[in-house]
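Q: Quick one, fold the following:
(5 chains, ligands or ions: 4)
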Amino acid sequence: MRWIGDNLDVIGGHLVSHLLLAVPPIVASFLLALPVGWLAGRVRWLRAPLLSAAGLLYAIPSLPLFVVLPLVIGTGVRDATNIIVALTLYGLALMVPATADALRSVDPRVVDAADALGYGGVRRFLTVELPVAGPTLLAGLRVVAVSTISLVTVGAVLGVPSLGMLFTDGFQRNIMPSILAGIVLTIALALVVDALLVALGRLVLPWTRPAAAAVVAPTQAEVAP
Amino acid sequence: MIEFTCVTKQYPDGTVAVDDFSGQFPPHQTTVLLGSSGCGKTTILRMVNRMVEASSGTITIDGENIAQRDVVPLRRSIGYVMQNAGLLPHRRVIDNIATVPLLNGTPKAEAHARAEELMDLVGLDRSMARRYPNQLSGGQQQRVGVARGLAADPNILLMDEPFGAVDPLVRRDLQAELRRIQSELGKTIVFVTHDVEEAFTLGDQIIILANGGQVAQRGTSEEILAHPANDFVAGFIGLAQGERTLHRSPDGGGVLVDGHGRAVGVLAEEPAP
Amino acid sequence: MIEFTCVTKQYPDGTVAVDDFSGQFPPHQTTVLLGSSGCGKTTILRMVNRMVEASSGTITIDGENIAQRDVVPLRRSIGYVMQNAGLLPHRRVIDNIATVPLLNGTPKAEAHARAEELMDLVGLDRSMARRYPNQLSGGQQQRVGVARGLAADPNILLMDEPFGAVDPLVRRDLQAELRRIQSELGKTIVFVTHDVEEAFTLGDQIIILANGGQVAQRGTSEEILAHPANDFVAGFIGLAQGERTLHRSPDGGGVLVDGHGRAVGVLAEEPAP
Amino acid sequence: GTSDPMGTSPATTDPGAATGDTTLVVGSQAYYSNEIIAEIYAQALEGAGYTVEREYQIGQREVYLPELEAGDLDVMPEYGGNLLQYYNSDAEVTDTASIVEALGQELPDGLRVLTPAEASDQDSYTVTRAFADEHNLTAIGDLAGINGLTIAANSEFATRPYGPDGVQQAYGVTIALTPVEDSGGPLTLRALLDGTTQVADLYTADPAIADNDLVVLDDPESLILPQNVLPLVSERVDAEAEAVLDDVNAQLSASDLQELNAQSVNEQRRSADIASEWLAAKGLA
Amino acid sequence: MNYLLDAFAWIADPAHQAGPNGIWARLGEHLGYSVVGVLLACLVAVPAGLWVGHTGRGRGLAVGLASAARALPTLGLVTLLGLLLGIGLVGPMIAFVALALPSILAGTYAGVEAADRVAVDGARAAGMTEWQVLTRVELPLGMPLLIGGIRSAFLQVVATATLAAYVGAGGLGRFLFLGLRTQDYPQMLAASLLVVGLALVADIAFGLLQRFATPAGLRTTR
Ligand SMILES: Nc1ncnc2c1ncn2[C@@H]1O[C@H](COP(=O)(O)OP(=O)(O)OP(=O)(O)O)[C@@H](O)[C@H]1O
Ligand SMILES: Nc1ncnc2c1ncn2[C@@H]1O[C@H](COP(=O)(O)OP(=O)(O)OP(=O)(O)O)[C@@H](O)[C@H]1O
Ligand SMILES: [Mg+2]
Ligand SMILES: [Mg+2]
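A: Numbering: from 1, shown residues only, chains lettered A, B, ... in the order given. Ligands and ions are numbered 1, 2, ... in the order given. Below you'll find the predicted structure:
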């Protein structure tokens, strides 16, 4: 444990770079998944292939992806761009199906009502379907955020600074506290970001607040003991 | 005046929901489309604001063929109240009511002021303005739906079983409210229901539909009750089952019972007021 | 005979749904619990088969305190029909009907044979036996629900707004069917509804409930109509609004109109049969 | 021309405008021992008035060599044999001098290696003291005739001249490979210590060898490539900087490297502290 | 693109296919590790998920745990377990199980919860015991979601099972690491392609299974 006290600056630096590496792919996969998920929900015959393709992205082993991706996108292996693009791909693997589900789960009666009120197509998508799908989108985004933060650590193998460096270095030098600190901080960072997303959700999706739902007609069914 | 001429609707899966329907919905009156489930009531109603496109035939509003009009302005010019209120769950009550004026570019303050007046009109407390739909009871949601339908001050109001999902006490309230509002505003209302009582309560004119949007009879409730056009109509409104043939109960007390012996009401000796 | 003595139900969240309810449901009769939404009807009903446990008070069936009985055999011995049928979506109609006999270990062939008889009884074509619930219309599903409730030949049948979700024509059919079945079988039925007409049609005894399961009045439909116990009851059954006070229409033809001028029926001169 | 929003890669300076620039970028592998050497180089260069940027813990050669070629890195501590092998896996050389010479031809334009140090960190056939005593082992050839031998090493060990095929030919030793991919790290060591394998490929500067009293078997046929430490540098390393690095390398002995590594692993000290102490002790500070 | 073609050529080369170090053997090992890892995870996650879904208790805890398990960095876990356990399959297997847990747990309780509440209520009122409610109603109705959870868990484990080779075990990771270490990129890519191919086949198989497990009554409509 002494090691941790002696290396707080190192750990802190890794924590910051970790966060900076994690945020762009989380945002990017959310934004990119919107059109793809929309397409998967809208165009019937595209649905299965798009969702399968998204699922398979997740099956690409990360190490080779990090090494080969630069050949495709023309960056250096250790470039943040490389890591961000790779993590965005993994994020899409999770976010595309989540988005498709979320958009499909919008009550068709709400969409119908919007049509009947005279919403145009784009406006309806942006101001009705998207916000109404918000809670489900948020659930998907939370999964993406947590797993992206966990995946950032893999970059350490290539020399991209992140909490993962506490694993590689701690491993070589047999410093258990280093590895443990890395694991604990990664999980903590993920949970903090997750909590922030939940808070953000309450802010931008005020109608889903539990206090709001409390006045709804109560359910009839009580689960008997 | 809304006028259907030989309108047919066939859905892509081949279902002919409405077959050669013709009919007029006179201005400033409530026309009720009455019929059992699946007979095509909703389809007819939704053809008026082109939520459903007619397969053939013409529909005119004040003589103008609606097929020539842009759908978005057409829809904004017609009020539409749906069974489950169809409110936007992510908008506050006040914004839900003001939806169409806001879409039309009315300044927010003005739209909201108008929405508050409408809340008064439909009997909603203004304190509910900032709630979300899921914070309201079913009956309150329905009132919001009616207010929204009236927000752009449309000449035409389409109502598709608007009170179908609320409990009977509340339903009776809402019907009374609608009658009051209609007596004030005099809109052209097309009202869909499968509830005979409701149709008789609200309709200036009633169109009883059989399957495929076939008109079985049209007229006022009294015309229909006194002279049902055929067995189908008599059965539908309950005459055939003896439910509308009332007898004095042998127990006395002026209680009237129907053909099943079920108590229905009390006979007042003086004629109708 | 089912008997409630001073039964109270408070839900974990603090809602007192039923407050000190006492009452009897006589054997071989239909008792209707009538009241508006949230007044505690379902809670009372579900305490009979211990789907809801009473917080205090005793409930006995034929003198035996149900709290002493094992819930599983208790529930299997009582038929239960729910609003939306509550069928198992992954079981065929025939298996849905035979659920309880199969649970009780009745051989499959025998249980199925019995289930087919029940299909006849509730007016379902046997050809539907191998369908899944989602391949049936709402009214058909409801018939399956009734058949399932009767499958184990229970003495008691609990029915919670069993016909609430179907359209009025079908509903009238189902009510007639139930009356026929009851006249054949003579079960002890507890029937929950918020529809006054339905209560008057089906109930040998009617218990009108106010909030918290407070008994506002109990009696036959004629007793209640002739002598409503108080304003609440009069309002609830529509007497106060003039809906049950019928006048002869000035148009003649024997048409009777209510206080709103709505046509309700035709007066027959001879007294009830 | 690479985009770099996070600022994780070195400030790229246009190679064309490099003349007179005294900022040098020193990198290291993702290997603590390499980082210590890099830090020694870095501090020595700073002592000579250079501005130094540090890019440590850069994965493997496939990651940092392209960056060197691209001019993003200027100084990288390397190991002669492996570096040559990266560019030419068929190279048949066995001593440091010829390795340096061969590198002169194999290295891409713009890169060169400087004078190697005595210190080296090379592959080995290492056994436990008990196993060595039991079978009377001092050299690899003594393993011949022992049945069921396995060695824990990285997977590429199989393709090396000193791998199972090589020792079979040169020494008549039959040995199977258990691939463990941590490059002689803790897993390899553990496999040896808990008897999963009888032999392990540890790097000779690994302090674990002394700590666990392990025996490094001799290689009289010189199958194992020497891995002397040598700086791989870019064109921006001028004569003056070269002299600084040569001075350091002249003092870096094999035992020094082991001692430096031991400080890092056993005392968990930072490379910066270890490096500055060593430089001071050698009078290079 | 060239690399990709070379990778396909590498796979097609018969010399790389047969034998204990061949593609088929490694594929078999890889599949074996994945199946075992996912099965072990099922052993824990399915009962736990059923309990959470059925009783509604511990849901917050389950969600939190699933989230934490998702955040658990595999690299950290593998290095930690390496230091603790040395080489061998045990360490990676623990990592695979940890990786598979969240999806299976979430799929299971979501599946049970998604079972139509009215149907469940009806089953209970008909006199089913809690066990019968769970096994005859909630489980069959929740099966598609449960299998969906296993499906995504399996995909993740297949991708990660390459790590087994890091600590001396087999699987397609062998090709991957050898290719990486010797700059034999076609071999490394070939390994990745094989992993993705395996995932594709598994995905299709699970898709069929999911369709097959969807109760007939939920599939057919009028
Ligand atoms: N989008 C559609 N595609 C295919 N068939 C449809 C569609 N919408 C309705 N139908 C069919 O058209 C017929 C008429 O439907 P419609 O909704 O107009 O009936 P309705 O009278 O409103 O019934 P309800 O009282 O149940 O609302 C029905 O047979 C229905 O199944
Ligand atoms: N599980 C529960 N937890 C808390 N409160 C409940 C629960 N179930 C019912 N309630 C409350 O108890 C009261 C009575 O409910 P109950 O379902 O018995 O009414 P009901 O008369 O059947 O109404 P409805 O006609 O709407 O079915 C209501 O206020 C309801 O909100
Ligand atoms: Mg309709
Ligand atoms: Mg109820």
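Q: wait, does stretch B:93-111 contact chain A?
A: Yes. Residues of stretch B:93-111 are located near chain A by CB under 8 Å from any CB of the partner chain, namely B:99-100, B:103. In short, each C-beta sits where N, CA and C put it, glycine included.
Q: So which bits of the stretch 1-150 of chain D are right by chain E?
A: D:60, D:62, D:86, D:89.
Q: Distance check, D:Asn34 against D:Thr128.
A: Here the criterion is CB to CB, to the nearest Å. By it, D:Asn34 lies 27 Å from D:Thr128.
Q: which of those two has more neighbours?
A: Using other CB atoms under 10 Å in any protein chain shown, the more surrounded residue of D:Asn34 and D:Thr128 is D:Asn34, with 22 against 18.
Q: From what I see, that one and D:Pro77 are in contact.
A: Yes. Under the criterion of CB atoms under 8 Å, D:Asn34 makes contact with D:Pro77 at 5.4 Å.
Q: show me what contacts A:Met163?
A: I think there's a mix-up here, since residue A:163 is Leu and not Met. A:11, A:14-15, A:18, A:152-153, A:156, A:182, A:185-186, A:189, E:73 (CB atoms under 8 Å, 6 or more residues apart in numbering or on different chains).
Q: The residue most central in space within chain E sits in which helix or strand?
A: Nearest to the mean C-alpha position of chain E, counting by CA atoms, centre = their mean, stands E:Phe154 at 1.8 Å. Element membership of E:Phe154, judged by DSSP states H and E, is helix E:139-160.
Q: Low-confidence bits of the chain, can you list those?
A: Using chain A here. For chain A, the stretches with pLDDT under 70 are A:1, A:210-225.
Q: right idea, wrong chain: chain E
A: Using pLDDT under 70, chain E drops low at E:1, E:220-222.
Q: how about the helices in it?
A: E:2-12, E:23-55, E:59-71, E:74-85, E:90-114, E:117-125, E:130-132, E:139-160, E:173-181, E:185-213, E:216-219 (DSSP state H).
Q: same check, this time on chain A
A: Under DSSP H, chain A gives helices at A:2-6, A:8-42, A:44-57, A:62-73, A:80-104, A:108-117, A:121-124, A:130-151, A:164-172, A:176-204, A:210-213.
Q: Dump those into JSON lines; add mean neighbour count as well.
A: Conversion of these to JSON lines gives the following (neighbours: other CB atoms under 10 Å in any protein chain shown):
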{"stretch": "helix A:2-6", "mean neighbour count": "12"}
{"stretch": "helix A:8-42", "mean neighbour count": "19"}
{"stretch": "helix A:44-57", "mean neighbour count": "15"}
{"stretch": "helix A:62-73", "mean neighbour count": "19"}
{"stretch": "helix A:80-104", "mean neighbour count": "24"}
{"stretch": "helix A:108-117", "mean neighbour count": "19"}
{"stretch": "helix A:121-124", "mean neighbour count": "12"}
{"stretch": "helix A:130-151", "mean neighbour count": "23"}
{"stretch": "helix A:164-172", "mean neighbour count": "26"}
{"stretch": "helix A:176-204", "mean neighbour count": "18"}
{"stretch": "helix A:210-213", "mean neighbour count": "11"}
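Q: Adding distance to chain D, write these out as a markdown table.
A: Formatted as a markdown table, those follow (distance: least, CB to the nearest CB, whole Å):
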| stretch | distance to chain D |
| --- | --- |
| helix A:2-6 | 5 |
| helix A:8-42 | 5 |
| helix A:44-57 | 22 |
| helix A:62-73 | 7 |
| helix A:80-104 | 4 |
| helix A:108-117 | 38 |
| helix A:121-124 | 30 |
| helix A:130-151 | 15 |
| helix A:164-172 | 5 |
| helix A:176-204 | 8 |
| helix A:210-213 | 38 |
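Q: Quick one, which of those helices gets closest to C:Asp258.
A: Nearest to C:Asp258, of all the helices of chain A, is helix A:108-117, at 34.2 Å by CB to CB.
Q: Wondering if the closest one reaches chain B at all.
A: Yes. For helix A:108-117, a contact with chain B is found by CB under 8 Å from any CB, at A:109-110, A:112-117.
Q: Chain B: which of those is nearest?
A: Nearest to chain B among these is A:Ala113, at 3.3 Å by CB to the nearest CB.
Q: How much space separates the residue nearest to D:Gln57 when sequence neighbours are not counted from chain E?
A: The shortest distance from D:Gln57 to any non-neighbouring residue, by CB to CB, 6 or more residues apart in numbering or on different chains, is to D:Ala30 (4.6 Å). Separation of D:Ala30 from chain E (CB to the nearest CB, to the nearest Å): 12 Å.
Q: Regarding chain D, what is its longest helix?
A: helix D:32-47.
Q: now that helix against helix A:164-172, angle please.
A: Between helix D:32-47 and helix A:164-172, the angle comes out at 110 degrees (axes from the mean of the first three to the mean of the last three CA atoms, to 10 degrees).
Q: elements contacting helix D:32-47?
A: For helix D:32-47, the elements it packs on are strand D:23-29, strand D:51-58, strand D:75-79, helix D:239-251, helix D:254-266, helix D:271-281, judged by 3 or more CB pairs under 8 Å, 6 or more residues apart in numbering or on different chains; DSSP states H and E.
Q: contact partners of that helix?
A: A:169, A:172-173, D:24, D:26-29, D:52, D:54, D:56-57, D:75-77, D:121, D:203, D:205, D:229, D:231, D:241, D:244-245, D:247-248, D:252, D:257, D:260-261, D:264-265, D:271-272, D:274-276, D:278-279, D:284-285.
Q: let's see it at 6 Å
A: A:172-173, D:24, D:26, D:28, D:52, D:54, D:56, D:75, D:77, D:229, D:244-245, D:248, D:260-261, D:264, D:271-272, D:274-276, D:279, D:284 (CB atoms under 6 Å, 6 or more residues apart in numbering or on different chains).
Q: Which positions within the host helix or strand of B:Ile181 qualify as buried?
A: Using DSSP H and E, B:Ile181 sits within helix B:168-185. Under the neighbour-count criterion of 16 or more other CB atoms under 10 Å in any protein chain shown, helix B:168-185 has B:168-175, B:177-178, B:181-182 buried.
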